[in-house]
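Asker: Requesting a structural model of the entry that follows:
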Amino acid sequence: MDISTGESLLYILIVSILSLLFVFLMIVSSKFNFSNIKEIGKMGEIFVTEINWKKYLKIALDYFIYLVFLLIITIISGITNTFISITALHSIFTSIYLIVYRMSTPLLIFVICFCIFNFFRDIFLNKKIISEGIAMIGRTK
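Answerer: Numbers count the residues shown, from 1 in each chain. Next up, the predicted model:
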């Protein structure tokens, strides 16, 4: 089955738009700070002074970026499967697709567990910050 000019332009447009979305989301994600706001005391103690709640948005955005990447790989794999007769190219994209697809569920479970753990830790730190004004989390070396 041969691909027509109109179909090829449509597929190139879809992959290009998704690739630009992928790059844009990567740039936006890099703007978010993942750590809480910290200060270093006189004796080398590390104190949390404020909880950064935007880190949960960063985690969700990073997983969404992963899903956009999965979508791009799915489309490319479908294109190589249907229209391109080079079997080596098809097997490469299919292998990448299978690896990325099979990692999506364990990654989602990890992200959810990571968010739950950090959420309860941040609630504990926030209670300490509200009561004492600051929460010590460690010492510098």
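Asker: Kindly list the longest helix within the protein.
Answerer: When every helix of the chain is counted residue by residue (DSSP state H), the longest turns out to be helix 87-132.
Asker: by contact count, what packs against that one?
Answerer: If you count contacts as 3 or more CB pairs under 8 Å, 6 or more residues apart in numbering; DSSP states H and E, helix 87-132 packs onto strand 45-50, helix 55-82, strand 135-139. Placement of C-beta: from N, CA and C, glycine included.
Asker: Work out which residue lies at the spatial centre of this protein.
Answerer: D62 (1.7 Å; CA atoms, centre = their mean).
Asker: State the mean pLDDT of the longest helix of the chain.
Answerer: Averaging pLDDT along helix 87-132 gives 88.
Asker: Is Y97 in contact with L71, as I believe?
Answerer: No - Y97 lies out of contact with L71 (CB atoms under 8 Å); the separation is 10.4 Å.
Asker: related to what we said a few turns ago, is it true that the residue nearest to the centre of the chain touches F32?
Answerer: No - counting by CB under 8 Å, D62 stays clear of F32, with 9.2 Å between them.
Asker: circling back to that earlier point, and the helices and strands packed on helix 87-132 as CSV, adding mean pLDDT and distance to E39?
Answerer: Shown next, in CSV, are the helices and strands packed on helix 87-132 (pLDDT from 0 to 100; distance: least, CB to CB, whole Å):
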stretch, mean pLDDT, distance to E39
strand 45-50, 77, 5
helix 55-82, 89, 18
strand 135-139, 68, 10
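Asker: Now render these as a markdown table, adding distance to T105.
Answerer: Formatted as a markdown table, the helices and strands packed on helix 87-132 follow (distance: least, CB to CB, whole Å):
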| stretch | distance to T105 |
| --- | --- |
| strand 45-50 | 33 |
| helix 55-82 | 11 |
| strand 135-139 | 32 |
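Asker: E39 contacts T49, correct?
Answerer: Yes - contact criterion CB under 8 Å: E39 and T49 qualify, at 5.4 Å.
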